[in-house]
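Peer 1: Take a look and give me a structure for this.
(one chain, ligands or ions: 2)
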Amino acid sequence: MSPQPVEVLIRRVDPEVPLPGYAHPGDAGADLVTTQAAELAPGERTVLPTGVSIALPEGYAAFVHPRSGLAARCGIAMVNAPGTIDAGYRGEIKVIVVNLDPRESVRFERFDRIAQLVVQQVEKVRFHEVAELPGSARAEGGFGSTGGHAAVDGIKGGNGYASVGSDREGR
Ligand SMILES: O=c1ccn([C@H]2C[C@H](O)[C@@H](COP(=O)(O)OP(=O)(O)OP(=O)(O)O)O2)c(=O)[nH]1
Ligand SMILES: [Mg+2]
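Peer 2: Ligands and ions are numbered 1, 2, ... in the order given. Predicted coordinates for the structure are as follows:
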C-alpha cells in the first residue's frame, strides 16, 4: 500500500493555471507549468512564473527540478537546479531556466510543463564548532580525487587518462 500523501495547501496566483500533478502514481515530481509564453535564444535565461504558491508543513521543503525531456530535446536547464522552496515561502514559485543549446532558440507556450516539484522532509541541524573533526576514509579528498572524469581540451582528468574513451577502459 502506498504511504499517505502529505497535505499541502496551494493557491492559484493565476486563476486558469492547472494544479501541479503527478503524471504517474510512482512519480517523485509533480509537474509545474509556465503561465507565461517565452522564447529563449541560445544562451539566454529567464525567470518563468508557475502561477501557484504553496504552504508546506514545517519540516518540509520543496525542490524544483528540471525535466529531463526538455534537457535532452532542447538543452533547457535550470540555472539553480534544484531550486529550494522553503516551508515559509508564500510567494509564487518561479523557475529560472536557461537555453544551453548553442544554435536553436526554444519557445515555451503558456501552460507548457517546464519543471517538477519534489517535496521532501528536511532535517534541521544544530552546528557545534570543534577544533578538529573526526577522521574518515575520504578525509579531505574531493573534487575528482577518485578519478574517472573526462578530459577538457587536452587537460588531463584527475586519473591521468587523456580522453573519455580511455577513461572508460581505465576503470
Ligand atoms: O527556483 C526557485 C528557488 C527559490 N524560489 C523561491 C522560494 C524560496 O523559498 C525563495 C528563496 O530562495 P533561495 O533561498 O534559493 O534564494 P536566495 O537567493 O537565498 O534568496 P533569499 O535571500 O530570499 O533566501 O525563493 C523559487 O520560487 N524558485
Ligand atoms: Mg535563501
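Peer 1: Please count neighbours and contacts with C-alpha atoms only from this point.
Peer 2: Will do.
Peer 1: In the protein, where is pLDDT below threshold?
Peer 2: For the chain, residues meeting the criterion pLDDT under 70 lie at 1, 152-171.
Peer 1: change it to 50
Peer 2: 157-171 (pLDDT under 50).
Peer 1: In three-state terms, label the residue of it most remote from its centre for me.
Peer 2: Most distant from the centre of the chain: Ala131, at 34.7 Å, with distances by CA atoms, centre = their mean. Following DSSP: H, G, I helix; E, B strand; the rest coil, we place Ala131 in the coil state.
Peer 1: what does the one 4 residues further on give?
Peer 2: When the structure is split into helix, strand and coil by three-state DSSP, Gly135 lands in coil.
Peer 1: residues touching it, list them.
Peer 2: Listed by CA atoms under 8 Å, 6 or more residues apart in numbering, Gly135 has no contact partners.
Peer 1: What degree of burial does Gly144 show, as a neighbour count?
Peer 2: Neighbour count for Gly144, taken as other CA atoms under 10 Å: 11.
Peer 1: how near is it to Arg138?
Peer 2: Note on Gly144: its distance to Arg138, by CA to CA, to the nearest Å, is 12 Å.
Peer 1: Same question for Arg45.
Peer 2: Taking CA to CA, one finds Arg45 at 37 Å from Arg138.
Peer 1: So which of the two has more stuff around it?
Peer 2: A direct count of neighbours by other CA under 10 Å for Arg45 and Arg138 places Arg45 higher, at 18 against 9.
Peer 1: Which residue is the nearest non-sequential neighbour of the more buried one?
Peer 2: Nearest residue to Arg45 in three dimensions, chain neighbours excluded: Val98, at 4.0 Å (CA to CA, 6 or more residues apart in numbering).
Peer 1: right, and that neighbour touches Asn80 too?
Peer 2: No. Counting by CA atoms under 8 Å, Val98 stays clear of Asn80, with 9.9 Å between them.
Peer 1: Measure how buried Ser68 is and give me the count.
Peer 2: The local packing of Ser68 (other CA under 10 Å) involves 13 other residues.
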